[in-house]
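K.L.:
got a sequence here, can you build the structure:
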Amino acid sequence: MPQIKLEFEFGDPSIYDDLGCSPMLLQQFCKWLSSQREKISILEIALYLFNNENLYSTLKDLAKSGCQIHIYSIPLEGYDDDKPINIKNHKNGLSLGRYTKLYFANQIYAAIQKSNNPNLHLHIVPHMYLRSNRVRAFSRGNMPYSLHCKTFFLRYKTGNAFAGLTSSNLAVRDAQKIEMAYVTSLNQTEIESAADFFDGLKENSILIDDFNPFGDYNHFQIIKRSIPRESKVLYTAPFYENSASIFEDRLITMVKRAKRRIVVCAQHICAYNYTYPKEYTAQSTDEMYVHKDGFLKDVLSMANAGIPTTFLSQTYADSQGSHGCRSPENKSAFIKFVADARNTSNCNYYVNPNLHAKFMIIDNIVVATTCNFTPSQFIYLPNVNIPSFENIPNTSYSGIFCEFGAYFVQKSQMLADHLVAYTDSIIALQTTQRML
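P.N.:
Below is the predicted model of the structure:
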């Protein structure tokens with residue numbers, strides 16, 4: 001049996017300190033890494049945001065011990081530089097000053113460049129994903145960078161390995177939320193999957209010393225790779241052809257086999273009855289748009305067939321509005337889904353404003369992921385070409401539309417029951433509303 005650790009953190013959104021948005025998960029992770037210092041050969045970690053000095057300090061110590069450390073993150077252009085918050089020292093509660101996410105990232109990126117540490121490498125992943133010419137003008141913190149995953153791959157000198165993922169950015173100035181972390185030991189097939197994903201990241205990134213922050217990455221060319229053998233450790237990436245749609249197909253297969261229970265939990269849930277432009281695909285059809293039912297259609301079908309089904313999200317909207325909940329950007333998709341869910345038997349829908357964990361439970365199968373359950377996570381468009389934008393003059397884009405993501409699948413009644421207990425704990429919170 002694999003070694004598995006599943007943890008939740010019910011963060012306090014009123015606290016902003018130098019440990020970042022998930023202080024408990026961060027300290028557990030850093031303590032574990034430090035305790036394994038003499039065993040670790042290589043640690044590769046992809047973080048959408050990398051601005052946590054405490055995490056960086058742990059990685060520096062590992063590098064000094066001879067571990068090879070490879071960090072993958074986005075350009076500084078992608079960090080928020082507005083709404084500074086008073087950040088406090090976690091030890092004494094004293095104010096460190098008012099800062100943005102960009103400030104802390106700037107300090108770490110510059111320190112890495114200055115250190116010239118031969119064992120610590122920061123790789124910048126500049127790939128962006130777009131599929132509409134109506135997006136708002138780009139500005140710092142709003143670039144649609146696709147490296148939205150938070151995952152790591154650790155190899156021991158003995159050859160043994162672990163992989164992990166979290167819903168949390170582990171970032172300073174991010175608000176604390178309800179987050180999940182999942183770590184598992186790997187067999188050989190899973191090692192191959194994780195290793196190939198990080199090899200793909202290395203091949204499609206630029207070392208910080210070679211990265212030009214003023215370069216044009218609107219036409220960044222992705223080097224594709226064959227998808228590794230299917231295992232319990234799986235990824236979506238623009239360098240894996242159709243990997244996003246394969247992710248949804250796998251969820252549908254699991255959902256259709258459900259006999260006892262289904263739980264769908266994420267910040268956003270709306271992968272239902274969606275479309276995307278045919279011209280950006282390799283599909284041959286006379287229609288202008290490709291239509292997909294979405295895996296949530298199958299979830300509702302199973303609920304109608306008698307399977308108790310629970311939805312839990314941070315954002316919500318129906319035809320009457322958002323009812324005081326956080327409103328999603330894509331309201332129309334939510335409205336369509338909620339309308340049909342309301343008319344489906346065996347459905348319960350809850351909303352918590354602090355929820356950020358992302359997972360599914362299908363009978364005794366657990367799917368832990370870095371992805372939300374929106375259309376964007378399941379769309380792979382190989383031929384996007386936008387010669388001009390309605391709101392951005394003198395700008396064009398071409399490339400692959402696909403978000404980076406990780407999803408780990410494990411069949412275990414103990415693990416599934418454990419996750420159901422956490423789900424019940426979230427539902428029982430005073431901040432949780434029942435919508436259906």
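K.L.:
what's the burial count for Ala81?
P.N.:
For residue 81 the amino acid is Asp, not Ala. Other residues within reach of Asp81, judged by other CB atoms under 10 Å, total 16. Heads up, the C-betas are built off the backbone N, CA and C, glycines and all.
K.L.:
next: Ile4.
P.N.:
A count of neighbours around Ile4, defined by other CB under 10 Å, yields 17.
K.L.:
could you do Asn385 as well?
P.N.:
Other residues within reach of Asn385, judged by other CB under 10 Å, total 11.
K.L.:
quick check: bridge partners of it?
P.N.:
The residues listed as beta-bridge partners of Asn385 by DSSP bridges are Ser398.
K.L.:
that one contacts Pro277, correct?
P.N.:
No - shown here, Asn385 and Pro277 do not form a contact pair, counting by CB atoms under 8 Å, at 10.4 Å.
K.L.:
mutual contacts of these two, please.
P.N.:
With CB atoms under 8 Å, 6 or more residues apart in numbering applied, the contact sets of Asn385 and Pro277 do not overlap.
K.L.:
any low-confidence regions in the stretch 101-250 of the chain?
P.N.:
Counting by pLDDT under 70, the stretch 101-250 of the chain shows low-confidence ranges at 137-142.
K.L.:
apply 80 and report the result again.
P.N.:
Applying pLDDT under 80 to the predicted model, the residue ranges of the stretch 101-250 of the chain that meet it are 136-143.
K.L.:
grab the most central residue of the chain for me.
P.N.:
Taking CA atoms, centre = their mean, the centroid of the chain lies closest to Thr370, which sits 3.1 Å from it.
K.L.:
so who does the residue nearest to it when sequence neighbours are not counted touch?
P.N.:
Nearest-residue entry for Thr370: Cys149, 4.3 Å, with adjacent residues in sequence omitted and distances by CB to CB, 6 or more residues apart in numbering. Applying CB under 8 Å, 6+ apart, one finds that Cys149 lies in contact with Ala46, Tyr48, Leu165, Tyr235, Thr370, Cys371, Phe404, Gly405, Ala406.
K.L.:
for the protein, just list every one of the helices.
P.N.:
Counting by DSSP state H, the chain has helices at residues 23-35, 53-64, 101-115, 188-203, 243-256, 295-304, 331-342, 413-427.
K.L.:
ok, and what's touching the fourth one?
P.N.:
Which is helix 188-203. Surrounding helix 188-203, the residues in contact under the criterion CB under 8 Å, 6+ apart are 44, 46, 70, 72, 123, 125, 153, 155, 161, 163, 184, 186, 223, 225, 228-229, 231-235, 237, 239-240, 404, 406.
K.L.:
so for Asn348, which of the helices of the chain sits nearest?
P.N.:
helix 413-427 (8.5 Å; CB to CB).
K.L.:
so what does the closest one touch, helix or strand wise?
P.N.:
Packed against helix 413-427, as judged by 3 or more CB pairs under 8 Å, 6 or more residues apart in numbering; DSSP states H and E, are the following elements: strand 4-10, strand 262-266, strand 309-313, strand 359-362, strand 365-369.
K.L.:
figure out which of those is closest to Ala341.
P.N.:
When the helices and strands packed on helix 413-427 are ranked by distance to Ala341, counting by CB to CB, first place goes to strand 309-313 at 7.0 Å.
K.L.:
re earlier: any idea how far the residue nearest to Thr370 is from Phe373?
P.N.:
Counting by CB to CB, to the nearest Å, the gap from Cys149 to Phe373 is 15 Å.
K.L.:
ok, Tyr72 next?
P.N.:
In this structure, Tyr72 and Phe373 are separated by 24 Å, where distance is defined by CB to CB.
K.L.:
and those two? Which one has more around it.
P.N.:
Residue environment comparison for Tyr72 versus Phe373 gives the larger neighbour count to Phe373, 28 against 25, counting by other CB under 10 Å.
K.L.:
does that one touch Val263 like I think?
P.N.:
No - using CB under 8 Å, Phe373 is not in contact with Val263; the gap is 11.7 Å.
K.L.:
was I right to think the residue nearest to the centre of the chain contacts Gln377?
P.N.:
No - at 9.5 Å, Thr370 does not count as touching Gln377 under the criterion of CB under 8 Å.
K.L.:
roughly how far apart are the residue nearest to Thr370 and Tyr397?
P.N.:
Cys149 sits 22 Å away from Tyr397 when distances are taken as CB to CB.
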